[in-house]
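have a look; sequence and predicted model below, questions after that.
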Amino acid sequence: MDVRHHPLPRTSLGSARSVTSLHFGTPGARPKVYVQASLHADELPGMLVAHHLRQRLLAAEADGALRGEIVLVPVANPIGLAQRIDHRPMGRFELNTSENFNRGYPDLARVAFERVGRSLDADAAANVQRVRAAVVQWLAEQAPVTELEGLRLTLFGLAADADVVLDLHCDSEAVVHLYSETACWPTLEPLARWLQAETVLVADYGAGGQPFDEQLSGLWSQLRAQLDAAGIAAPLPQACASATVELRGEADVDHTLAARDADAIWRYLQHLGAVAGDPGPMPAPRCEPTPLAGSETLKAPCPGVLVFLAPVGAALRPGDAVAEILDPIDGSSVTLRTAHGGRLYARARERYAPAGLTVAKVAGRTAFRTGMLLSE
């Protein structure tokens, strides 16, 4: 294992932070798989999964079983991890700028097109190498000023040339679910099976906000679109499959669950050929992918005590009750119902709902939303 430390720019006098990456296998070997945990720093299940995965990788290294290159970042956001207000963690947004740590990543397709787009030819494999080299070089040339800029560029620099990228997150209370670009689904489908994901949400590029995973896979889908628009007939495969992997809820930090999830990722690494060994029979899928544009968000129309009427993971029909909001002052209540039905894949953890709170999310089969599909 090669341990590397990546200092971030100092935002204030007397303080300094760094990102630590753990490198397994041979640099440059394929496939390259990049795994990071807790980019939203208060979403901790992924850190424990990374701990268990690290033990498996160390054992494989000792046995000579590593075939590809694997980069593991067990703590992807030291900035957010240090943020607390009134004893509560604040790991989703940087307090200095109010920017989401998982938004605002660079447009690598634009970079690649400007640097090598017109030099691509009929050799698809060579085109992939040229594009990867161009974006890695561009990232190395950047000079970030703030910690947040440095964090984004550091993580991107570690992941930009990977074949597969897994960004480990969690929701408030949730089942295991994945977000992915539609073009990546064939590569990621075995992972969803081994994780026994109960919901998979897919969308074409442009879900909104330029999140980490979409900007990496979107390099290839968007570069293809730019080449087509320019009349350049150069084959370019989907050379990166990336996913946001939501490992249940914030409180699901448990060795049994983490070991199970790490084993699922381990079998996926074997399936990809990054690690030697037989992953065993692939379990049957727990779900089929549904459109992110078909995910229904239920919000609190008024303040009150939040009482759920359906468990997380429930299969709902249109009109089914999801939650009740009670006003203990005047005795009134409002029942929230799903309009479209589907899987109740995530819900709020808090039990007091201010007006406007996102109460629950239901994955339906039919797309009905447009515009910004991701929550802030």
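Arrived safely, thanks for sending. Numbering: from 1, shown residues only.

now the strands for the stretch 51-200 of the chain?
69-73, 84-85, 88-89, 164-171, 173-174, 177-181, 199-203 (DSSP state E, counting those that start in this stretch).

so who does residue 17 touch?
7-8, 78-79, 82, 147 (C-beta atoms under 8 Å, 6 or more residues apart in numbering). From N, CA and C alone the C-beta is placed, and that goes for glycine too.

now, which of the residues you listed sits nearest residue 16?
Nearest to residue 16 among those: residue 7, at 6.5 Å, using C-beta to C-beta.

enumerate every residue touching the closest residue to that closest one other than its chain neighbours.
Nearest non-adjacent residue to residue 7, counting by C-beta to C-beta, 6 or more residues apart in numbering: residue 18, 4.7 Å away. By C-beta under 8 Å, 6+ apart, the residues touching residue 18 are 5-8, 78.

buried among these? Make that a ChimeraX selection.
Entered in ChimeraX, the line below selects the buried ones among those, by 16 or more other C-beta atoms under 10 Å:
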select :6,8,78
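
from the contacts of residue 18, pick the one nearest residue 330.
residue 78 (46.5 Å).

got the contact list for that closest one?
8, 17-19, 41, 151 are the contacts of residue 78 under C-beta under 8 Å, 6+ apart.

and the pLDDT at it?
pLDDT, residue 78: 98.

offset the numbering so it begins at 48, please.
Sounds good: first residue 48 from here, last item residue 125.

what sits up against the helix or strand containing residue 354?
For residue 354, the host element (DSSP states H and E) is strand 351-355. The contact list for strand 351-355 (C-beta under 8 Å, 6+ apart) reads 347, 369-375, 380-381, 394-395, 397-400, 404, 406-407.

now the buried members of these.
Buried members of those, scored by 16+ other C-beta under 10 Å, are 347, 369-370, 372, 394-395, 400, 404, 406-407.

what's the closest of the strands of the stretch 98-247 of the chain to residue 183?
Closest among those, using C-beta to C-beta: strand 116-120, at 13.1 Å.

pairing partners for the closest one, with directions?
strand 65-72 (antiparallel), strand 79-84 (parallel) (DSSP bridges).

pull out the buried positions in the shortest one.
Within strand 79-84, the residues that qualify as buried are 79-84, counting by 16+ other C-beta under 10 Å.

let me know the closest of the residues you listed to residue 259.
For the buried residues of strand 79-84, the nearest to residue 259 is residue 83 (8.1 Å; C-beta to C-beta).

show me the beta-bridge partners of the closest one.
residue 120, residue 214.

and residue 362, by the same measure?
With DSSP bridges applied, residue 362 shows beta-bridge pairing to residue 390.
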